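A.B. asks: Structure, please.
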Amino acid sequence: MNDLFLKIRDIGLVPVIKIDNPDHAVPLGRALVAGGLPVAEVTFRTDAAEEAIRRMKAKLPELLVGAGTVINPALAQKAVQAGASFIVSPGFNPATVDWCLERNIPVLPGVNNPSLIEQGLSRGLEVFKFFPAENSGGAPMIQALSAPFGSIQFVPTGGIDANNLAEYAKLDAVLAIGGSWMVKADLIQNEQWDTITALCREARLKLQGFSFAHLGINQDTPEEAKKTANVFAALGFALKEGNSSIFAGTPFEIMKSPFRGTKGHIAISCYNVERALAYLAPYGFKGVEETAKREKGKLKVIYLDKEIGGFAVHLVKA
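C.D. replies: Numbering: from 1, shown residues only. Modelled structure (predicted):
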């Protein structure tokens, strides 16, 4: 997978933008960056799209600017000449895809069935736009398609908003999610940049799906662990003993010997561990690679490199 798609995966959301006034391009781009979503798919549905891409690219080097609704090679050429770093199309147009591949331009063609995916695979593609997402079966359809095509990734777009975001964010086959609810046309038209920034921040946090999984309590010996576990049992928590710890229900894990963390550890569940690490990086956290556990190349568990209140923290995929 190329570096651009890895950056998009780490961001997790691709704002799909319809812009009518090129003067709005730069302040809109700044609002996206401030909101933690430094990526924009500017759709070629208005006459302002080309100039908007040109201005964003010139003034905001930190913003990944792509072009959407690119339905033929001529539009792809216009978009690239304006500065678009990637091309997105609503369907699978072989001429457009081939034009991009011949020039090493990342392209996300739209697919919603196995035949279109196979056309892409025959050209070496591994990332596709899934469109229109909700009308094409939504998250269950992506799960169904990922069974025979396990190596590919999707960027579902169409009908997704804050209410159903989680359904897609949980899926291993979803690279990122496209949407416009944080950049609605009226917000752009009315120059509500602070509102857009706030919506972007809210969306990116919701995308992570952070929630409490369990608390790990360090004990010095198996005997001490058993005594502590029995207290939880008296409170009605069912005990389940393993080699290194005793679980009391799902909220508490009593360690039979000191483990990571001065006092113990806190497990935080999330929808995508790689994406969560990228989200936490600006807060000064990194993953400890030696603690990583993966399945089919995807991170499932990893500890962070800093404690919180004396507790080690590990992320676990929900």
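
A.B. asks: What residues does Val39 make contact with?
C.D. replies: Counting by C-beta atoms under 8 Å, 6 or more residues apart in numbering, Val39 makes contact with 7-8, 11, 13-15, 32, 63-66. Any C-beta I mention is one placed from the backbone N, CA and C, and that applies to glycine too.

A.B. asks: now, which of these sits nearest Ala278?
C.D. replies: Ile11 (7.4 Å; C-beta to C-beta).

A.B. asks: any idea how far Cys200 is from the closest one?
C.D. replies: 10 Å (C-beta to C-beta, to the nearest Å).

A.B. asks: Now the common contact residues for those two.
C.D. replies: 36-37.

A.B. asks: how far out from the middle of the chain is stretch 21-36?
C.D. replies: Relative to its parent chain, stretch 21-36 has a centroid offset of 21 Å by C-alpha atoms, centre = their mean, to the nearest Å.

A.B. asks: For it, the averaged confidence score.
C.D. replies: Regarding stretch 21-36, the rounded mean pLDDT is 98.

A.B. asks: residues in contact with that stretch?
C.D. replies: 11, 15, 17, 19, 38-40, 42, 48, 51-53, 55-56, 59-60, 62-63, 65, 182-183, 188-189, 191, 193-194, 196-201, 204, 279.

A.B. asks: for stretch 283-296, same thing?
C.D. replies: 150, 172, 260, 277, 299-306, 313-315.

A.B. asks: got a winner among the residues you listed for most neighbours?
C.D. replies: Leu315 (28 neighbours; other C-beta atoms under 10 Å).

A.B. asks: end to end, how far does stretch 243-256 reach?
C.D. replies: Between the opening and closing residues of stretch 243-256 lies a distance of 8 Å (C-alpha to C-alpha, to the nearest Å).

A.B. asks: Report the buried residues of it.
C.D. replies: 245-248, 252-256 (16 or more other C-beta atoms under 10 Å).

A.B. asks: Just the residues contacting it, thanks.
C.D. replies: Under C-beta under 8 Å, 6+ apart, the answer for stretch 243-256 is 212-219, 221-222, 225-226, 228-229, 232-233, 237-241, 257, 259, 264-265, 267.

A.B. asks: now swap in stretch 303-314 and tell me
C.D. replies: So stretch 303-314 is contacted by 215-216, 259-268, 280, 284-288, 291, 301-302, 315 (C-beta under 8 Å, 6+ apart).

A.B. asks: For ChimeraX, what selects the buried ones among the contacts of Val39?
C.D. replies: This is the ChimeraX syntax for the buried subset of the contacts of Val39, where burial follows 16+ other C-beta under 10 Å:
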select :8,11,13,14,15,32,63,64,65,66
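
A.B. asks: Show me where the protein has its helices.
C.D. replies: Taking DSSP state H, the helices of the chain run over residues 3-11, 25-34, 49-59, 73-82, 94-102, 114-121, 138-146, 165-169, 185-189, 193-208, 222-234, 273-280.

A.B. asks: Output these as JSON lines; include the columns distance to Val127.
C.D. replies: Formatted as JSON lines, these follow (distance: least, C-beta to C-beta, whole Å):
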{"stretch": "helix 3-11", "distance to Val127": "5"}
{"stretch": "helix 25-34", "distance to Val127": "21"}
{"stretch": "helix 49-59", "distance to Val127": "21"}
{"stretch": "helix 73-82", "distance to Val127": "17"}
{"stretch": "helix 94-102", "distance to Val127": "12"}
{"stretch": "helix 114-121", "distance to Val127": "9"}
{"stretch": "helix 138-146", "distance to Val127": "13"}
{"stretch": "helix 165-169", "distance to Val127": "15"}
{"stretch": "helix 185-189", "distance to Val127": "27"}
{"stretch": "helix 193-208", "distance to Val127": "18"}
{"stretch": "helix 222-234", "distance to Val127": "46"}
{"stretch": "helix 273-280", "distance to Val127": "15"}
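
A.B. asks: Great, nothing more from me.
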